[in-house]
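Participant: I'll drop the sequence and a predicted model, then ask my questions.
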Amino acid sequence: MALTSKQLMLEALAQLEQVNMTEAHDLLENRQVTLLDVREKVEFDAGHIDGAEHISRGLLEFMIEVHPKFSDRTLPVLVYCKTGGRSALAGATLRQMGFNRVLNLEGGFDAWTQGQNIPEGMLD
């Protein structure tokens with residue numbers, strides 16, 4: 001049976017720990033995760049969360065293996081995209097690739113930038 005894109009995303013989300021804005025800020029402030037932006041480069045260049053590493057979703061499987069910040073698959077990775085769909089799929093892929101703890105930013109970059117009390121210096 002073929003799955004819809006929504007079903008794929010829901011299955012992917014079920015594999016990941018969801019992190020809200022407050023939790024994400026705490027993790028980032030305490031340097032407890034590596035932050036990964038999986039949006040397209042043009043989106044990343046238009047604005048991103050400070051300290052984020054960028055690998056577009058379409059290149060993730062190829063680029064993550066050679067990226068020095070992701071060489072230790074036991075360290076937690078916080079993934080985000082625009083609203084949470086691409087990051088869920090990316091996170092599920094990372095889990096399949098052996099990353100032990102993959103977290104998904106609830107609501108993605110849109111939620112981070114809209115109506116959130118963003119600490120100064122957290123948005124680049």
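Facilitator: Happy to help now that I have it. Numbering: from 1, shown residues only.

Participant: C-alpha only now, for contacts and for neighbours.
Facilitator: Will do.

Participant: Need the pLDDT of the spatially most central residue of the chain.
Facilitator: The structure's the chain has its C-alpha centroid closest to V79; by Cα atoms, centre = their mean the separation is 1.0 Å. Model confidence at V79, expressed as pLDDT, equals 98.

Participant: what does the helix or strand hosting it rub up against?
Facilitator: Assigned by DSSP states H and E, V79 belongs to strand 77-80. Residues outside strand 77-80 that contact it (Cα atoms under 8 Å, 6 or more residues apart in numbering) are 24, 33-39, 86-88, 90-91, 101-105, 108-109.

Participant: Name every strand pairing with it and say which way it goes.
Facilitator: In the sheet, strand 77-80 lines up against strand 34-37 (parallel), strand 102-105 (parallel) (DSSP bridges).

Participant: which parts of the last one are buried?
Facilitator: In other words, strand 102-105. For strand 102-105, a neighbour-count test (16 or more other Cα atoms under 10 Å) marks V102, L103, N104, L105 as buried.

Participant: Same question for stretch 9-19.
Facilitator: The neighbour-count check on stretch 9-19 (16+ other Cα under 10 Å) flags M9, A12, L13, Q15, L16, E17, Q18, V19 as buried.

Participant: what do you get for stretch 28-42?
Facilitator: L28, V33, T34, L35, L36, D37, V38, R39, E40.
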